[in-house]
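Peer 1: task: produce atomic coordinates for the following.
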Amino acid sequence: MRKKQSESGRKSNPSSVAAAKVLRREIMALPDGTRLGIEGDMLARLGISRPTFRETARMLEREQILTIRTGPHGGYFTRRPTFSAVSQVAATFLEFENTSMMDLMNVANALMTEAARLAAVNINSSEAKRKRLAGAVQRLKKDPADDHTKYSAADGEFVMAVLGLANNPAISLFVRSLYNFGFAEASRRVFSGKPDRIETRRQSRIDLGEAILAGEARRAVTLSDDQYEIARHWLDEARASAYRGKR
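Peer 2: Now for the predicted structure:
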């Protein structure tokens, strides 16, 4: 079993933490890639020592909101963290915490059901996002049910389209973290070599997409809940089968 990451690391200097709070607020108010200045500029602006500033800069660099560039045109630049980078860090944390697939499934159910509801409510908020979901539904209708790889790609496109319409960054971040952590492997276990399951899931996704496109929030919630009940049952079967194979 993988050991948990130690929580007893060296504490940060309180002055660095305070400076990071000030600089973090400044960075968040500026466009991505804005040059904040060189080290001397930052020391004068923040009124802290060089060692304290460098610890502050390392903290914000780890948070992926600060970029340090060297050379004649170097200095400190603002950076906007991406969903991909942040969700990968969260996925790594989940792995160290020995998170189970059933834990993921339960959380994903709650998040995706709320995302489906929000997407239906917001269906007329963005024509581009509505068209993206409509396109994802059409792809699900066209792709064959006997090809797990193609289905997984189409399903991922569908999920991203629903998240886009939901327009909730918190839900998007956590769902992407769950997918980065282990949904691909769970999907392979549940669907690989099982065209009947792929067909059931594909049709349920199409039904959910059409409910969202019609703005039917209540129906979208019911369909999403039903999908995950079935998926939990399939995951239980896959786990049982894997256990029997090890005996």
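
Peer 1: centre-most residue in the chain?
Peer 2: residue 176 (2.0 Å; C-alpha atoms, centre = their mean).

Peer 1: other SSEs contacting the helix or strand harbouring that one?
Peer 2: In the assignment (DSSP states H and E), residue 176 maps to helix 169-178. Applying 3 or more C-beta pairs under 8 Å, 6 or more residues apart in numbering; DSSP states H and E, one finds that helix 169-178 makes contact with helix 83-96, helix 101-121, helix 148-166. Every residue, glycine included, has its C-beta placed from N, CA and C.

Peer 1: do you know the pLDDT at residue 3?
Peer 2: With respect to pLDDT, residue 3 has a value of 40.

Peer 1: show me where the protein has strands.
Peer 2: With DSSP state E as the criterion, the chain has strands at 35-37, 66-69, 75-78.

Peer 1: of the ones you listed, flag the one that's most buried.
Peer 2: strand 75-78 (a mean of 19; mean count of other C-beta atoms under 10 Å).

Peer 1: please report how far the residue lying farthest from the centre of the chain lies from residue 29.
Peer 2: Residue farthest from the centre of the chain, counting by C-alpha atoms, centre = their mean, is residue 44 at 37.9 Å. In this view, residue 44 and residue 29 are 19 Å apart by C-beta to C-beta, to the nearest Å.

Peer 1: what's near enough to touch residue 129?
Peer 2: Applying C-beta atoms under 8 Å, 6 or more residues apart in numbering to residue 129 gives the contacts 122, 161, 164-165.

Peer 1: stretch 216-234: how far from the chain's middle?
Peer 2: Computed by C-alpha atoms, centre = their mean, to the nearest Å, the chain-centroid distance of stretch 216-234 equals 20 Å.

Peer 1: pLDDT wise, what is the closest residue to residue 187 other than its chain neighbours at?
Peer 2: Among residues not flanking residue 187 along the chain, residue 152 sits closest, at 5.7 Å (C-beta to C-beta, 6 or more residues apart in numbering). At residue 152 the predicted local distance difference test score is 85.

Peer 1: okay, now residue 152: neighbour count?
Peer 2: Counted with other C-beta atoms under 10 Å, the neighbours of residue 152 add up to 18.

Peer 1: to residue 196, which of the helices and strands packed on helix 169-178 lies closest?
Peer 2: Closest to residue 196 of these is helix 148-166 (C-beta to C-beta; 12.2 Å).

Peer 1: and the gap between residue 213 and residue 62?
Peer 2: 41 Å.

Peer 1: and the longest helix anywhere in the chain, which residues are buried?
Peer 2: When every helix of the chain is counted residue by residue (DSSP state H), the longest turns out to be helix 217-246. By 16 or more other C-beta atoms under 10 Å, the buried positions in helix 217-246 come out as 217, 219-221, 223-224, 227-228, 231, 234-235, 238-239.

Peer 1: count of neighbours near the closest residue to residue 225 other than its chain neighbours?
Peer 2: Distance criterion C-beta to C-beta, 6+ apart; nearest residue to residue 225, sequence neighbours excluded, is residue 113 at 5.7 Å. Applying other C-beta under 10 Å, we find 20 other residues in the vicinity of residue 113.
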